[in-house]
Structures are given as structure tokens and as C-alpha cells.
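Asks: Give me a model of this one.
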Amino acid sequence: MAKKPVKTLKLTIEGGKANPAPPIGPALGQAKVNIGEFVTRFNEGTKNMKGDMVPVVINVFEDRTFTLDFKTPPATNLILKAIGKEKGSGKPNTSKIGTISKAKVREIAEKKLKDLNANSVEAAMKIIEGSARSMGVEVK
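Replies: Predicted coordinates for the structure are as follows:
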């Protein structure tokens with residue numbers, strides 16, 4: 001019989017850079033997770049995602065064991081990385097911060113497809129385009 005999680009935590013940590021310092025340590029400590037084991041498993045699992053913010057879902061069980069479910073980086077981070085900017089526009093309707101090609105949008109959509117609420121790459125592209133527009137990035 002499958003174990004039922006007692007607690008589920010959702011954290012977003014930079015790939016390969018988990019450490020026991022706040023805010024990670026206290027969140028895991030409250031859930032009674034072995035922090036050293038978490039840091040080791042997270043850093044090992046995300047060593048190829050260095051520089052990206054990686055969302056992770058941690059399911060904690062009664063016997064203090066846990067599972068890690070890595071998600072793809074947020075769409076906004078992937079868009080900003082594609083255009084080479086640090087942050088989005090404060091006024092997306094009036095001041096644009098850059099442009100992104102349809103090909104790049106498709107690449108991001110294919111990468112994010114399993115985490116998006118979309119059945120096809122075209123539907124995922126529309127979601128990514130909407131995120132880009134709300135950040136002040138033009139899609140061409």
C-alpha cells in the first residue's frame with residue numbers, strides 16, 4: 001500500500017544551490033525533514049539546472065522519509081533568460097523590454113508542456129505568449 005503524505009511543501013530554489021540556511025532550513029525543519037539529506041538530494045537532482053529557479057514539491061511521510069518532484073523553471077524565468085534581461089517591465093502596456101521569436105516561444109512551450117494546463121504545444125505557446133506580453137516582451 002502506498003504511503004500517504006503527512007505534509008506537502010512547495011519551494012522554489014536555484015538549481016544546485018540548496019543550503020540549510022533560511023528560508024529552506026526552517027521550512028524543512030517544521031516538517032521534520034532531514035535537512036542534510038534534502039540538500040544533498042536536491043543539489044544532485046538539479047546539478048544540470050544551475051542558474052535556473054527550480055520549483056520542487058516535497059511530500060513528507062509519517063516515517064520522516066520524503067520524495068522530491070522537480071518541476072520545470074517558471075515561464076517568466078525562461079522568457080527573461082531568452083531575451084537576456086533581469087526583470088520584466090513595470091509598465092508592460094507602454095514600455096517594452098524586448099522581443100522574443102515564435103521559435104523561442106515554441107522551445108519554451110515544449111520545455112514547460114508537462115507542467116502547463118495544455119494538451120498541445122500550440123496551446124502551451126499561447127500561455128507562454130500571454131506571460132511574455134504581461135512582462136512587456138513582444139512576440140514576433
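Asks: what residues are up against the nearest residue to F42 once chain neighbours are set aside?
Replies: Spatially, and ignoring its direct neighbours in sequence, F42 is nearest to A18 (4.2 Å; Cβ to Cβ, 6 or more residues apart in numbering). For the C-beta atoms, the positions are set from N, CA and C on the backbone; glycine is no exception. In this structure, A18 makes contact with 24, 38-39, 42-43, 46, judged by Cβ atoms under 8 Å, 6 or more residues apart in numbering.
Asks: Let's see that with 10 Å instead.
Replies: 11, 24-25, 28, 35, 38-46, 54, 56 (Cβ atoms under 10 Å, 6 or more residues apart in numbering).
Asks: can you pull out the strands in this protein?
Replies: Using DSSP state E, the strands of the chain run over 5-14, 53-61, 66-70, 98-100, 137-139.
Asks: And the contacts of the first one?
Replies: Applying Cβ under 10 Å, 6+ apart, the set of residues contacting strand 5-14 from outside is 18-19, 23-24, 27-28, 30-33, 38-39, 42-43, 46, 49-64, 66-69, 71, 73-74, 77.
Asks: now swap in the fourth one and tell me
Replies: With contact meaning Cβ under 10 Å, 6+ apart, strand 98-100 is reached by 78-80, 82-85, 88-89, 108, 128-129, 132, 135-140.
Asks: what do you get if the cut-off is 7 Å, keeping everything else the same?
Replies: Contacts to strand 98-100, defined as Cβ atoms under 7 Å, 6 or more residues apart in numbering, come from residues 79, 82-83, 85, 132, 137-140.
Asks: same question, stretch 78-94
Replies: Counting by Cβ under 7 Å, 6+ apart, 76, 95-98, 100, 104, 108, 111, 131-137 sit against stretch 78-94.
Asks: That concludes my questions; thank you for your assistance.
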